[in-house]
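In: sequence and predicted structure, then a few things I'm wondering about:
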Amino acid sequence: MPAERPEITHINLARGFRGGESQTLLLVRELAGRGWRQQFIGRGGEPLVERLAGVDGLTITPVGGVLGAAVRVAAPLVHAHEARAAQAAWVASKLRGCRYVLTRRVMKPPSRSAVTSRIYRDAAAVTALSRAIADVLADRFPGLEATVIPSALAAAEPDPRRVAEIRAALPEPFLVGNVAALDVAKGQLELLAAAKTLTAGHPDTGFVFVGDGHDGETIRAAAAGQSGVHFTGFVDNVADYLAAFDVFAFPSHHEGLGSVLLQAMAAGTPIVASDTGGIPELIRHEETGLLVAPRDAAALAAAIERLYGDEELRQRLTGAARRRLGEFSVAGVADRLETLYRGLG
């Protein structure tokens with residue numbers, strides 16, 4: 001444990017390990033490499049607490065909830081990485097006089113409650129993953145200016161042998177994949193409808209759903225009896241699956257940014273995604289991927305079929321997508337946050 005008082009406390013009270021937790025992990029590790037003394041407060045027994053074990057200069061403080069987090073803050077500056085963490089940071093600011101930064105990752109507007117308004121307005125700074133999220137916050141809290149700092153690419157090299165095993169285990173030679181929590185808002189029901197259309201004309205096409213979630217039973221039931229559809233459940237290294245796919249489909253109904261899109265771009269997998277939220281800030285239509293209206297299964301099927309039949313288009317889109325990745329490096333995102341932190345000192 002570090003002997004000196006931490007310079008910054010990170011709070012993330014989410015359960016499980018999704019995009020926001022991956023981004024928290026990347027940031028804490030990067031700042032540790034730059035010599036920051038840090039504290040991390042999270043729920044005991046959750047994956048993020050376990051994955052941060054052993055990071056240099058980091059004190060890990062497992063807690064059970066908001067109040068426990070608030071009273072355990074040890075640094076003069078707090079970064080709250082999700083909604084419950086924001087509540088804890090605000091309480092800590094009243095108890096201990098610390099300053100705090102909030103990061104908003106989702107498109108859904110915050111509550112209209114007086115307490116939520118106070119939490120946002122009392123923050124020393126608010127960051128948003130995309131311009132679309134920043135606009136939602138400005139609409140909810142007039143006069144609030146959020147700094148746009150996107151997600152960083154969680155670089156993970158695929159294992160060529162594992163990629164080959166994935167493809168060999170599936171009967172269809174052309175694979176369309178989706179990596180997301182099984183949640184109807186992620187558009188998996190529309191992707192199943194698109195799959196039904198496409199497999200009728202292209203039986204060599206398979207659809208692979210990687211992940212699990214609270215709507216898993218509903219989505220699997222919708223796929224019952226449908227040919228060419230495969231569910232993997234949760235997997236440790238999605239990079240292997242992304243590299244195995246011929247097309248990555250991400251038909252979310254709403255999305256703050258969609259950091260898994262960065263991983264698909266790095267894998268060189270052509271992308272079809274919804275034209276909603278912060279997604280167009282990553283995927284430029286006809287340049288780095290294809291965008292379709294959310295909830296439009298017919299348009300989704302047409303875009304996937306277009307990529308199915310046009311290898312030259314697939315190569316053009318993936319080449320341009322890879323060239324954009326420099327804007328989303330872990331070091332670059334950490335630079336921007338580090339500048340923000342130091343400006344609040």
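Out: Yep, it's here.

In: going by C-alpha atoms from here, please, whenever you check contacts or count neighbours.
Out: Fine.

In: count of residues packed around residue 138?
Out: By other Cα atoms under 10 Å, the residues close to residue 138 number 15.

In: one more: the one 4 residues further on?
Out: In terms of burial, residue 142 registers 10 neighbours under the definition other Cα under 10 Å.

In: and residue 132, how far from residue 305?
Out: Computed as Cα to Cα, to the nearest Å, the residue 132 to residue 305 distance reads 29 Å.

In: which strand residues bridge residue 127?
Out: In this entry, residue 127 is beta-bridged to residue 103, residue 147, by DSSP bridges.

In: what about residue 132 and residue 305, which has more around it?
Out: Each of residue 132 and residue 305 has its neighbours counted (other Cα under 10 Å); residue 132 has more, 22 against 18.

In: for the helix or strand residue 305 falls within, buried residues please.
Out: Residue 305 belongs to helix 297-308 when assigned by DSSP states H and E. Neighbour counts using 16 or more other Cα atoms under 10 Å place 297-301, 303-305, 307-308 of helix 297-308 among the buried residues.

In: quick one: name whatever helix or strand follows whichever helix or strand residue 61 is part of.
Out: Element membership of residue 61 [criterion: DSSP H and E] is strand 58-63. Note on strand 58-63: by DSSP H and E, the next helix or strand toward the C-terminus is helix 66-72.

In: off-centre distance for that following helix?
Out: Relative to its chain's centre, helix 66-72 lies at 25 Å (Cα atoms, centre = their mean, to the nearest Å).

In: so what does the next helix or strand after it touch, helix or strand wise?
Out: For helix 66-72, the following helix or strand on the C-terminal side (DSSP H and E) is strand 77-80. Strand 77-80 sits against strand 8-12, helix 83-96, strand 99-104, with contacts defined as 3 or more Cα pairs under 8 Å, 6 or more residues apart in numbering; DSSP states H and E.

In: quick check: can you name the pairing partners of strand 77-80 and their directions?
Out: With DSSP bridges as the test, strand 77-80 is paired with strand 8-12 (parallel), strand 99-104 (parallel).

In: nearest to residue 126, out of those strands?
Out: Closest of the strands paired with strand 77-80 to residue 126 is strand 99-104, at 4.8 Å (criterion: Cα to Cα).

In: buried sites along the helix or strand just after that closest one?
Out: Note on strand 99-104: by DSSP H and E, the next helix or strand toward the C-terminus is helix 114-121. Within helix 114-121, the residues scored as buried using 16+ other Cα under 10 Å are 116, 119-120.

In: could I get the strands paired with strand 77-80 as JSON lines with mean neighbour count, mean pLDDT and distance to residue 88?
Out: Output for the strands paired with strand 77-80, formatted as JSON lines (neighbours: other Cα atoms under 10 Å; pLDDT from 0 to 100; distance: least, Cα to Cα, whole Å):
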{"stretch": "strand 8-12", "mean neighbour count": "26", "mean pLDDT": "98", "distance to residue 88": "8"}
{"stretch": "strand 99-104", "mean neighbour count": "24", "mean pLDDT": "98", "distance to residue 88": "10"}
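
In: picking that back up, CA atoms only for the strand holding residue 61, dumped as CSV, please.
Out: Only the C-alpha atoms of strand 58-63 are listed here, as CSV (Å, rounded to 0.1, in the frame of the first residue of the first chain):
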residue,chain,number,x,y,z
LEU,A,58,-2.9,2.0,-5.6
THR,A,59,-4.9,1.5,-2.4
ILE,A,60,-8.0,-0.6,-3.0
THR,A,61,-10.9,0.0,-0.7
PRO,A,62,-13.8,-2.5,-1.1
VAL,A,63,-17.1,-1.2,0.1
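
In: how about residues contacting that strand?
Out: 1-2, 6, 32, 37-45, 49, 52-53, 69, 72 (Cα atoms under 8 Å, 6 or more residues apart in numbering).

In: still on that earlier bit, the helix holding residue 305 packs against which elements?
Out: The contact analysis (3+ Cα pairs under 8 Å, 6+ apart) places helix 297-308 against helix 188-201, strand 247-250, strand 271-274, strand 290-292.

In: hang on, residue 71 packs against residue 92?
Out: Yes: using Cα atoms under 8 Å, residue 71 is in contact with residue 92, at 6.4 Å.

In: which one of these two has more residues nearby?
Out: Just comparing residue 71 and residue 92: by other Cα under 10 Å the higher neighbour count belongs to residue 92, 24 against 15.

In: any idea how far the nearest residue to that one once chain neighbours are set aside lies from residue 133?
Out: Nearest non-adjacent residue to residue 92, counting by Cα to Cα, 6 or more residues apart in numbering: residue 70, 4.6 Å away. Using Cα to Cα, residue 70 is found at 26 Å from residue 133.

In: what do you get for residue 54?
Out: Counting by Cα to Cα, the separation of residue 54 from residue 133 is 34 Å.

In: swap in residue 221?
Out: From residue 221 to residue 133 the distance is 33 Å (Cα to Cα).
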